Each structure stands twice: as C-alpha cells, then as structure tokens.
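In: Pasting a predicted model and its sequence here:
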Amino acid sequence: MTNELTTRFPWEPVPLSDTVALLQRDFAYAVRMTAVVVHSNRPELQICVNTARGQIVPRGECRFTDGSTIELHDIGMPQVGCSEMSVRELMDHVWSVARDLGLEL
C-alpha cells in the first residue's frame, strides 16, 4: 500500500481530511515535546534537541576552567530536524564532548 500524500504531484491539492490528520499529528507532537538549546561560546558544545516536556532543565551558566561556557534554554516548541533525547542524555552528550575537548569544571 502506498502513501497517497507522497504519490501526489505538488500542484495537486491534498484532501482536507489528510491535511487535518497531519495537523493533528503535528500539534500532538508539539504538546508532548519541547526543544532544549545548549548555548556555548564553543561551537563543539552547541546543540539543539527535542525532548519530552516536564523534565527539569538545569538553569544558569556553567563555566569551565578555560573560560568556555554552556547554558541550557528550553525554547518551548519542538524544532524540525532535531534529534530526540532526554535531558539526561543531552547532559551526558555535552559532558562527553567537553571531556573529549579536555575541558574541566
């Protein structure tokens, strides 16, 4: 069975029921998820991921001994094309990258 949405030509209108179903799916995702951005003055530490709402996101700026910083921001809306991680997985990733760069707190 093929998906009708992918077999249509771009100039053909999508049936209204399909459009409503796709919007419902997108809004359900947006209600369930948010995006967290890691801001840093080191490009290697910068990342944006979608994560489930309701998790505690660490606040404030973290400064490493070399002057590098990281700060997490919950931007409130999931972002297209971002991978999904829990906040714990995100922090594990950031600390792993920092360790690989030789950064210390």
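Out: Arrived safely.
In: all contacts plus neighbour counts: C-alpha atoms, from now on.
Out: Fine.
In: measure stretch 97-105 end to end?
Out: For stretch 97-105, the first and last residues are 13 Å from each other (Cα to Cα, to the nearest Å).
In: centre of the chain versus the helix ranked longest in the chain, how much separation?
Out: Assignment by DSSP state H gives helix 16-32 as the longest helix of the chain. Helix 16-32 sits 19 Å away from the centroid of its parent chain (Cα atoms, centre = their mean, to the nearest Å).
In: Could you do stretch 42-62 as well?
Out: Stretch 42-62 sits 9 Å away from the centroid of its parent chain (Cα atoms, centre = their mean).
In: Tabulate the CA atom coordinates of that stretch in PDB.
Out: The C-alpha coordinates for stretch 42-62 follow below in PDB (Å, rounded to 0.1, in the frame of the first residue of the first chain):
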ATOM      1  CA  ARG A  42      32.500  26.800  21.900                       C
ATOM      2  CA  PRO A  43      30.700  25.600  18.700                       C
ATOM      3  CA  GLU A  44      31.500  22.000  19.600                       C
ATOM      4  CA  LEU A  45      29.300  22.200  22.600                       C
ATOM      5  CA  GLN A  46      26.300  23.800  20.900                       C
ATOM      6  CA  ILE A  47      23.300  21.500  20.200                       C
ATOM      7  CA  CYS A  48      19.500  21.600  19.900                       C
ATOM      8  CA  VAL A  49      17.400  18.600  20.700                       C
ATOM      9  CA  ASN A  50      13.700  17.800  21.100                       C
ATOM     10  CA  THR A  51      12.800  16.400  24.500                       C
ATOM     11  CA  ALA A  52       9.700  15.400  26.400                       C
ATOM     12  CA  ARG A  53       8.000  18.200  28.300                       C
ATOM     13  CA  GLY A  54       8.000  18.000  32.100                       C
ATOM     14  CA  GLN A  55      11.700  17.300  32.600                       C
ATOM     15  CA  ILE A  56      13.900  19.500  34.800                       C
ATOM     16  CA  VAL A  57      16.300  21.500  32.700                       C
ATOM     17  CA  PRO A  58      19.400  22.800  34.600                       C
ATOM     18  CA  ARG A  59      19.400  26.600  34.800                       C
ATOM     19  CA  GLY A  60      22.200  29.000  34.900                       C
ATOM     20  CA  GLU A  61      25.600  29.200  33.200                       C
ATOM     21  CA  CYS A  62      28.300  26.600  33.700                       C
END
